[in-house]
Every structure is written in structure tokens, then in C-alpha cells.
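In: Sequence and computational prediction follow.
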Amino acid sequence: VRTHMYNILVMSFSFLLMFTAYNSLQNYITSLLPGNLGNESLSVLYCTVCFSVFLAPSVAAKLGERITMIIGGACYVVYMASLIQITPWVVLALSSVIGFGAAILWIAMGAFLMK
């Protein structure tokens, strides 16, 4: 029981830090990026999530929940880093990467909490 509580607390704190940064960025992305790139980026991201969520359970089962959450979190970091120096094709490509990362992250998190 003690180990489970520790895992939940570490995961909760990690998600708090990551999504505080990401959600703040996402709220401004449509006004920060030039032209319509912000809307296009978010569209690519969420369309990729819609398709990737069907593959995510098999990824989590094959790699394990912890490794899958690490990879999913890394996808968020890479996407946020792509916005430091804005290159449209890089932002759009990494929008699909974060879409895949989001799908595997949330599926792995749910599976991890259920164990």
C-alpha cells in the first residue's frame, strides 16, 4: 500500500509540473505562432490523438506503463522545445509527435493507476 501511494504521489506531482507548463503554452499558442500555425498545430495534435489512442494500449502493454509514460512525457517536452525557434514544418511535425505521446501517456497512466 505504501509503495502504491508513493507511485501515485510521484506521478501526480510529475503530471502537475508537466501540464502546468503545457496548458499555459497551449492557451497562448494560437496567438503566439505566426499566421494560422497555432490552429493548424492544435488540429494536427488532436487529430493524431484520435487515431493514436487505438494503438496506445498495445504500446503500453509491450513497453510497460512506466516506460510508456516516460516516452509520452518526453513527447510533450520535445513539442514545447520546438516552439523556442519557430519553424512551421517542425512545429507541425512535432504536433503529431505530441499527439502520439498524449495518447500513450494517458492510456499508460490509466493502466498504471488500475494496477
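Out: Good, I have the coordinates. Residues are numbered from 1 along each chain as shown.

In: other SSEs contacting the helix or strand hosting Ala102?
Out: Element membership of Ala102, judged by DSSP states H and E, is helix 88-114. Helix 88-114 sits against helix 2-32, helix 37-52, helix 56-63, helix 65-82, with contacts defined as 3 or more CB pairs under 8 Å, 6 or more residues apart in numbering; DSSP states H and E. C-beta coordinates here come from the backbone N, C-alpha and C atoms, glycine included.

In: For Ala102, which of those helices is the nearest?
Out: The closest of those to Ala102 is helix 37-52. By CB to CB, the value is 5.1 Å.

In: In that closest one, which residues are buried?
Out: For helix 37-52, a neighbour-count test (16 or more other CB atoms under 10 Å) marks Leu37, Gly38, Glu40, Ser41, Leu42, Val44, Leu45, Thr48, Val49, Ser52 as buried.

In: Packing partners of that helix?
Out: So helix 37-52, by 3+ CB pairs under 8 Å, 6+ apart, packs with helix 2-32, helix 88-114.

In: how much space between Val59 and Ile107?
Out: Distance of Val59 to Ile107, computed by CB to CB, to the nearest Å: 8 Å.

In: Give me the common contacts of those two.
Out: Shared contacts of Val59 and Ile107 (CB atoms under 8 Å, 6 or more residues apart in numbering): Thr68.

In: between those two, who's got more neighbours?
Out: Under the neighbour definition other CB atoms under 10 Å, Val59 and Ile107 were set side by side, and Ile107 has more, 24 against 19.

In: check contacts around the closest residue to that one other than its chain neighbours.
Out: What sits nearest to Ile107 in space, not counting adjacent residues and going by CB to CB, 6 or more residues apart in numbering, is Ala56, at 3.8 Å. Taking CB under 8 Å, 6+ apart, we find Ala56 in contact with Thr68, Ala103, Ile104, Trp106, Ile107, Ala108.

In: can you redo those as JSON lines with pLDDT?
Out: JSON lines is the format used below for these (pLDDT from 0 to 100):
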{"residue": "Thr68", "pLDDT": "97"}
{"residue": "Ala103", "pLDDT": "97"}
{"residue": "Ile104", "pLDDT": "98"}
{"residue": "Trp106", "pLDDT": "96"}
{"residue": "Ile107", "pLDDT": "97"}
{"residue": "Ala108", "pLDDT": "96"}
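
In: Thank you, goodbye.
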